[in-house]
Structure formats: structure tokens, C-alpha cells
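In: just the structure for this:
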Amino acid sequence: MGNGVSAENAPRVTVKRLNNLPDGVEDAGSTKYSTSTELSSDEKEELHESYKETRERSDVEYFELIRQLNKTNCLWQDPTFPATLNTITSAVLSPGEVTWKRPKEVHPEATVAFDENVPFTLIQGLIGCHNLIGGLVTTAIYPRLLTYVVPDQQDPDDVGYAGVFRTFFWVFGSWKQVLVDDRVPVDQQGQFLFLHSNDPRVLWPCLLEKAYAKLNRGYGNLEGRSVDESLSALTGRLCTTIPLVWLMESNNLEHMLVRYLREGSLITCDILNEKVRTISSHGLVDSHLYNITKIIHVRCESQKLCLVKFCDFYGNAAGWTGAWGLGSLNSRELSKKDRAKLEMFSQSEKEFWMTTEDLVKHFLYLTVCHTNVKPLAGEKDKTVPLSMSETQIYGQWKFQSAGGSPEYGATFHLNPQYLVRIEPAVKGDESKDVTVYLSLMLHSESRSYWNVAACFYKVNKEPTDVLDCIFFQRRTPLRTQSSSGRRELVATLFLQPGLYMVVPFTESPGQEMKFLIRIYCSNG
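Out: You can find the predicted model right below:
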């Protein structure tokens, strides 16, 4: 059972599996989290369990490796991710075009440590890995999050430096240490081939990308990934992708932007066009991610406008030159008070403003990373209200429990059945809607995924036994959310507190795969 401990002022959510796994199939277990801003010592231990356990366990491996290397006075050469062209796995390079260099060979003042107090600008390299750079520049809004991904490092000038770069990524429900050696790929002129900082002395972005490439079995495998994958890997938080047109048509765009920003969520949006780094007539760059960091209202003449502030951490991109953008004269039409407000929130040449109408016109989706869900070890920022509760539980379709879609009426009920209980944050609020995010994340070593979906049913009382085929034949689900060949399905629902049944399923019976269900609840 997954038991979520509620955040302060957030609904409580619990989930348990009704039907047993087939004989011979081991239950992967469940994890529970609390998200309260004021945690007891016990809750803190529970909250940080995954990251802390991984960190403590991997400390032994990491420091033993350093000790052995110092005994032999050698810099590490990673045998599992060697400095060869096979590691890059890209057709765009030939053997003579790649050289691997240690930090001091790249620059005499090279550093590999991440400093959250030093601003950084990233430049995309040869491979179109814009999902990782997008994840990094989005996470850069809260640099402290990256201190868990790239913890304290040895620097090349440190005594006992061993050439080991240490990272942590969130993978399928838990944190994983990934170690790489400090050699970075450059061309014959010594220029960086892939992701790098605009400061040639700062090498942690190159090495973080190398570790992410190792996690994904080669640099070439980083192409074509979505930004929500990298954001999840960097933060361990839920990411949802929302069509902007849907928010606009439902008159929810401004409300949801305000809400996400108030909760401390990271918001990024991608350019509509899929061409690579083509600059539009308005200065926006195709295949490029922009972060939304602020929303304000101003009055221009007799019209009330909603303006959105973007921040761009890329080092090789232009900025919006349309209405209210870079070099725009629109601010002259504002009152002195509104003009001061606009200037107060504009602090960098990397920032620009845009109306919500232009936002919907030029962008297709918002990707929202709910960083308010689960603070990492030691993280405490009272300026961000933590208003979500979370629970997660592992499962799998195996043997007869892979019952297929509702079209297979005789076997659909054999799929895993999960009873979800949602309780209001405050007694008496049983009639108020709760925002529920459900994530169904698949696990496949080959990264080939079945078409999957999940059905949501309302139940009036807790079942005493597994629900049979008659129940599902007579009931119409409240919602069915599907996903085609993607790693993760995310559904957003607005439900009243009560009991619900979630049934994840594959397209056809017999399709086996492990999965992770995460459920998040917040008010309204």
C-alpha cells in the first residue's frame, strides 16, 4: 500500500492494490512521502528516505574508489563508459573528429564543481539534446535543486583529486548515483562538441551531460527526448504537459499560471516549429525552450493586459522582439506605476515580456514541473508554499494480470486494480473539488513502450474483494487517459474527496511491463 502523508493544507491521498499479483511475481513495494513545511524528525527521515539512502549507500562506493585511485596515484578511466566514439553513438562524427581531454587540458583554471551562487549560461552543442539543456536551464531558476544532482565535487586543484565526477539522477521512483571520469569530448581545435558553459573554465555542464549520456547508454541516445524526462531525472518531481489552447479556451490560462508560480513550480514552453535553431522574424528560436517566471497585470490605455515574463538561460539564442519584447516601445503607453512594476521585475538581458495572447500564438504546450511536491534532503524554503500530497506504488502487468483493454471484457478485470482514497485537507470540505495528478510511468530496458491507458471509476464504498468483470461491464469510467509509445502517462482530474478505482492497462492482453503509479493531490 502507498500511504501519502498530507502536506500542510493539502488533501490526503492513499492508494492500495486490491488484487494480488500472480504467483511467482514479486511486489515491488511502495513509498510514501510527506510534503509539509513543518516536519517532525520522523517525517523528515521518511520524506528524504530515497535520496538519503542512495546517498549514504553510494558514499561507500564513491569514497572507496577515490581511496583506491589515490593509492595508485592515478586518475580514473571509467571502464563502463570509455572515452571512445562508441560512447558517443552518433553518425555525425568520425573517429578523427573526437578527442577526449581532462579538465586541466581544456583550461588551466578549469573547475568541475557546481556553485549554486554563480549564474551560468549554457550553450547547446552538436547533438540536439535540447531536452537536457532545457531541463537544466529550467531548473536553474531554483539552483539549489541542482546541488542534489551535482553534490560537492573534488576540483582538479584539490589534494587527492582522482578524476571522478559524481551525479545523482531520479530514475523510476528512486535516486541513482552515476559516476563518470572527467574526460570531456572536444574537436580537433579543442572546442566543446556538446553541451557546455559559456565560460570555458566551467566544466560541470559537460560532465553532467556525460553522466546523463551514460545513464542513457550513449550521447546519441539523448536526441529526441522530451524535456519532462530530463526535468524528472533532475528533480524527482512530477511533470505535466498542458496544451496552451486548452487553457486559453477554458479561461484558465492566467489562473493556472498564477497558481503554478505561487506554488514554486517550474514552467517551460517550447516553440511550435520543429526546425532546429531557426530564428523567427520575432526573434524566437525554433526547437528552443523558454522559462516562464512571472505574470503581472498592467493597464495600457483603456485595456487591461496580462503579461508573462520569460527567462532564457541559453547562450546562443535571440529574444522576443514582438509586442512588449526586447526593444519594444509599448511600455511608454503605461502609467508610471505600471512602468515601474515592469522595470522592477526585469533584471537581466535574458528576460523579456509577452502577452498571453502571443504566448498561445507562438507556443503549443506548457511543461510544468511541480517542484512544490517533495523537498529534497535539507531543503527548506518557506517562501514556497508546499501544498501537494503525494503517494507512489510500484506494479506490473505479468502473466494473467496483463488483461488488456476494456474491449477484452473477459480479462480486463485481471489488470491491477488500485483503490484511491482522497480525504479533504479540512473537515467539511468534502464537496470541494481536489486537483489530482496521476502519473503512470513505464519501465523498459529497451526504451520501447506499449500503448497504455488508465481508467478512473467512482466507487461508493471500499470493496471487500477484487472487482469482477460484471462491475466493469456495467460501469462507465469517469475518465480514460491513454498514451501511445511514451514512457509516462499523466492525467489531470478534478475530483471530490471520496473513493476511486484506477485500472492501468495495456492495449492487448499478455503485454508485460513494470510500472510506477504516482498520485498527487492539491486543493482546487
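In: how near is Lys337 to Glu343?
Out: 11 Å (C-beta to C-beta, to the nearest Å). Every residue, glycine included, has its C-beta placed from N, CA and C.
In: hey, what's in contact with both of these two?
Out: When C-beta atoms under 8 Å, 6 or more residues apart in numbering defines a contact, no residue borders Lys337 and Glu343 alike.
In: ok but Leu231 is inside a strand, no?
Out: No - per DSSP: H, G, I helix; E, B strand; the rest coil, Leu231 lies outside any strand segment and is helix.
In: what's around it, how many residues?
Out: 29 (other C-beta atoms under 10 Å).
In: which elements pack onto the longest helix along the chain?
Out: In the chain, with assignment by DSSP state H, the single longest helix is helix 49-72. When contacts are defined as 3 or more C-beta pairs under 8 Å, 6 or more residues apart in numbering; DSSP states H and E, helix 49-72 sits against strand 164-171, strand 174-181.
In: from the chain's centre, how far out does that helix sit?
Out: 26 Å (C-alpha atoms, centre = their mean, to the nearest Å).
In: name the next helix or strand downstream of it, please.
Out: helix 85-88 (DSSP states H and E).
In: how far does that following helix sit from its chain's centre?
Out: For helix 85-88, the distance to the chain centre is 26 Å (C-alpha atoms, centre = their mean).
In: buried sites along that helix?
Out: For helix 85-88, burial by neighbour count (16 or more other C-beta atoms under 10 Å) applies to 87-88.
In: now that helix: average pLDDT?
Out: Mean per-residue pLDDT for helix 85-88: 85.
In: the stretch 151-300 of the chain: strands as residue ranges?
Out: 164-171, 174-181, 184-186, 196-197, 239-243, 266-271, 289-300 (DSSP state E, counting those that start in this stretch).
In: so can I have a markdown table of these showing distance to Tyr520, mean pLDDT and mean neighbour count?
Out: Formatted as a markdown table, the strands of the stretch 151-300 of the chain follow (distance: least, C-beta to C-beta, whole Å; pLDDT from 0 to 100; neighbours: other C-beta atoms under 10 Å):
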| stretch | distance to Tyr520 | mean pLDDT | mean neighbour count |
| --- | --- | --- | --- |
| strand 164-171 | 15 | 96 | 22 |
| strand 174-181 | 17 | 95 | 19 |
| strand 184-186 | 37 | 94 | 24 |
| strand 196-197 | 34 | 91 | 20 |
| strand 239-243 | 9 | 89 | 19 |
| strand 266-271 | 15 | 85 | 24 |
| strand 289-300 | 20 | 87 | 19 |
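In: could I get the ones you listed as JSON lines with distance to Val368?
Out: JSON lines is the format used below for the strands of the stretch 151-300 of the chain (distance: least, C-beta to C-beta, whole Å):
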{"stretch": "strand 164-171", "distance to Val368": "17"}
{"stretch": "strand 174-181", "distance to Val368": "22"}
{"stretch": "strand 184-186", "distance to Val368": "32"}
{"stretch": "strand 196-197", "distance to Val368": "27"}
{"stretch": "strand 239-243", "distance to Val368": "5"}
{"stretch": "strand 266-271", "distance to Val368": "5"}
{"stretch": "strand 289-300", "distance to Val368": "9"}
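In: so which of the ones you listed gets nearest Glu407?
Out: strand 239-243 (27.1 Å; C-beta to C-beta).
In: report all helices and strands that the closest one contacts.
Out: Right, strand 239-243 is packed against helix 227-235, strand 363-369, strand 488-495 by 3+ C-beta pairs under 8 Å, 6+ apart.
In: how about the second one: buried residues?
Out: Pointing back at strand 363-369 there. So for strand 363-369, counting by 16+ other C-beta under 10 Å, buried means 363, 365-369.
In: packing partners of that strand?
Out: Partner elements for strand 363-369 (3+ C-beta pairs under 8 Å, 6+ apart): helix 227-235, strand 239-243, helix 244-249, strand 266-271.
In: so which residues make contact with the third one?
Out: What it means is helix 244-249. 253, 256, 269, 356, 359-360, 363-366.
In: can you check the shortest one too?
Out: Contacts to strand 239-243, defined as C-beta under 8 Å, 6+ apart, come from residues 226-228, 231-232, 256, 364-370, 437, 490, 492.
In: flag the least confident of the residues you listed.
Out: Ser226 (80).
In: hang on, the earlier thing: make TSV from the helices and strands packed on helix 49-72 and add distance to Val298 to it.
Out: Output for those, formatted as TSV (distance: least, C-beta to C-beta, whole Å):
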stretch	distance to Val298
strand 164-171	39
strand 174-181	43
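In: helix, strand, or coil at Leu419?
Out: strand.
In: what's the burial count for it?
Out: 18.
In: next, count neighbours for the closest residue to Val466 other than its chain neighbours.
Out: Spatial nearest neighbour of Val466, excluding adjacent residues (C-beta to C-beta, 6 or more residues apart in numbering): Asn19 at 4.1 Å. Using other C-beta under 10 Å, Asn19 has 16 other residues around it.
In: what do you get for Asn251?
Out: So Asn251, with other C-beta under 10 Å, has 8 neighbours.
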